[in-house]
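>>> Got a predicted structure here, sequence first:
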Amino acid sequence: MDQGSGIGGPTGPERRPHPAIVEFADQLRQLRTEAGSPSFRKLARMTHYSSSTCADATAGNRLPTAAVVKAFVTACGANPAEWLELHRKASAAIATPAPPPTAEPVTDPPAADDGIRRHRLAIAIAVTLLAGITLGVAATKLLSGSTSTASPPVFTLTPRPAPTYGIGDGADPDKAGCSKDRKLVDKSAVMLHGEQIGAVELYYSTSCEAGWARVYLYPGEPLMLGSVTVYSDDQRSSEIAYPLIKQQPAYTNVVVPAKGGCLGATATIFKTGERPATATIKCQVGQP
């Protein structure tokens, strides 16, 4: 049994995989990491598919079949129903034809209004979520009869700095090309009431000599507000606060550690009516 061919892969040398394929493969790689990074040979024994089929499922070249996904995630200890739903959505996204490209006026400079509106919308959503969280915490304290005068956690929205030319503090890791050789340095689960609701990850790029952090929710969690910070031991940092929708991560810009210095990360996820859930990755020296 090894009918593991996928769908929606590139059909020519100029075609790139559909973004839905790349994202789904990234999620499978994360799941494999969370499961202890079992070898593809071990996964092959557990799934009854070949090791090449298991590896191909995480390569991001084509979308694996539903049968392969079910066997793969089950072997990694995940809920197959949730992953099959993610697979269905990815298949639907691939099947939806992209709108035809429209010619851009040569004489007009690119408009920044759309980006500004999206940024303002994200900030508005974040502020709305934070207001609900703050009211929920206050109501919980009032109903419980607490007389503490301590203020609720103060959350500052820190817009992502504009990317710089060259690789330096504040560069976007994707636009600067740092994501091409990124390595996962460390990962820490964000816990709420003894259950993992998300995770914070610290990444490092050897080519950029820089690191960054990201935070995301696990499947099945509702919309929440997330904050993640990457910091160096000499007090430099980059922070982003953003609504966390499904498994879409919020990530910081890069920080370039000093020679011999270290990088660490912290993350906080805010859920309405609950205390903030936090996770920390200690400052680590050098590349992974």
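Right, received. Where do you want to start? Residues are numbered from 1 along each chain as shown.

>>> pLDDT of the helix or strand encompassing Lys70, averaged?
Using DSSP states H and E, Lys70 maps to helix 66-75. Confidence for helix 66-75, expressed as mean pLDDT, is 93.

>>> Could you do stretch 46-60 as well?
Per-residue pLDDT over stretch 46-60 has a mean of 91.

>>> and what of stretch 263-276?
On average, stretch 263-276 scores 91.

>>> My read is that Lys70 contacts Asn79, right?
No - at 10.5 Å, Lys70 and Asn79 do not qualify as touching, with contact defined as CB atoms under 8 Å. All C-beta atoms are positioned from the backbone trio N, CA, C, and that covers glycine.

>>> Between the two, which is the more surrounded one?
Between Lys70 and Asn79, Lys70 has the larger neighbour count (other CB atoms under 10 Å), namely 17 against 12.

>>> what separates the closest residue to Ala57 other than its chain neighbours from Ala20, distance-wise?
Closest residue to Ala57 apart from its sequence neighbours, by CB to CB, 6 or more residues apart in numbering: Pro64 at 4.0 Å. Shown here: Pro64 relative to Ala20, a distance of 12 Å by CB to CB, to the nearest Å.

>>> swap in Thr266?
Relative to Ala20, and taking CB to CB, Thr266 is found at 31 Å.

>>> One more: Pro219?
On the measure of CB to CB, Pro219 and Ala20 end up 16 Å apart.

>>> neighbour-wise, which of those two wins?
For Pro219 and Ala20, the more surrounded residue by other CB under 10 Å is Ala20, and the numbers stand at 20 against 15.

>>> for that one, helix, strand, or coil?
helix (DSSP: H, G, I helix; E, B strand; the rest coil).

>>> can you give me the helices for the stretch 51-200 of the chain?
Residue ranges of the helices in the stretch 51-200 of the chain, as given by DSSP state H, counting those that start in this stretch, are 51-57, 66-75, 80-95, 113-144.

>>> Who are the packing partners of the first one?
Applying 3 or more CB pairs under 8 Å, 6 or more residues apart in numbering; DSSP states H and E, one finds that helix 51-57 contacts helix 40-47, helix 66-75.

>>> Repeat that for the third one.
Counting contacts by 3+ CB pairs under 8 Å, 6+ apart, helix 80-95 packs against helix 19-34, helix 66-75.

>>> which intervals of the stretch 1-150 of the chain have sub-threshold pLDDT?
1-15, 98-150 (pLDDT under 70).

>>> Tell me how this protein divides into domains.
As assigned by automatic domain parsing, the chain contains the domains 19-95, 117-288.

>>> partners of Pro243 in the sheet?
Leu225 (DSSP bridges).

>>> Surely it and Leu217 touch.
No - Pro243 is not in contact with Leu217 according to CB under 8 Å; the separation is 10.3 Å.

>>> which residues are common contacts for the two?
Counting by CB atoms under 8 Å, 6 or more residues apart in numbering, the shared contacts of Pro243 and Leu217 are 224, 226.

>>> Looking at the two, which one has more neighbours?
Remark: of Pro243 and Leu217, Leu217 carries more neighbours, 24 against 18, as counted by other CB under 10 Å.

>>> how about the helices and strands packed on helix 80-95, which one is nearest Val228?
Among the helices and strands packed on helix 80-95, helix 19-34 comes nearest to Val228, with 15.6 Å by CB to CB.

>>> Residues contacting the closest one from elsewhere in the structure, which ones?
So helix 19-34 is in contact with 8-9, 38, 43, 57-64, 69, 72-73, 76, 78, 86-87, 89-90, 93-94, 184, 187, 199, 247, going by CB under 8 Å, 6+ apart.

>>> list the contacts for Ala90?
20-21, 23-24, 63.

>>> Recalculate using a threshold of 6 Å.
20, 24, 63 (CB atoms under 6 Å, 6 or more residues apart in numbering).

>>> now do Ser232
Each residue near Ser232 by CB under 6 Å, 6+ apart is listed here: 255, 257, 261, 263.

>>> Quick check: which element contains the second one?
To tie it back to what came earlier, the one meant is Pro257. Applying DSSP H and E, one finds Pro257 in no helix or strand.

>>> Could you verify my assumption that it touches Leu263?
Yes - with contacts counted by CB atoms under 6 Å, Pro257 reaches Leu263, the gap being 5.2 Å.

>>> what's the closest of the helices and strands packed on helix 51-57 to Asp174?
helix 66-75 (26.1 Å).

>>> List the buried residues in the closest one.
Of the residues in helix 66-75, 68-73, 75 count as buried by neighbour count, 16 or more other CB atoms under 10 Å.

>>> Right, I'll leave it there.
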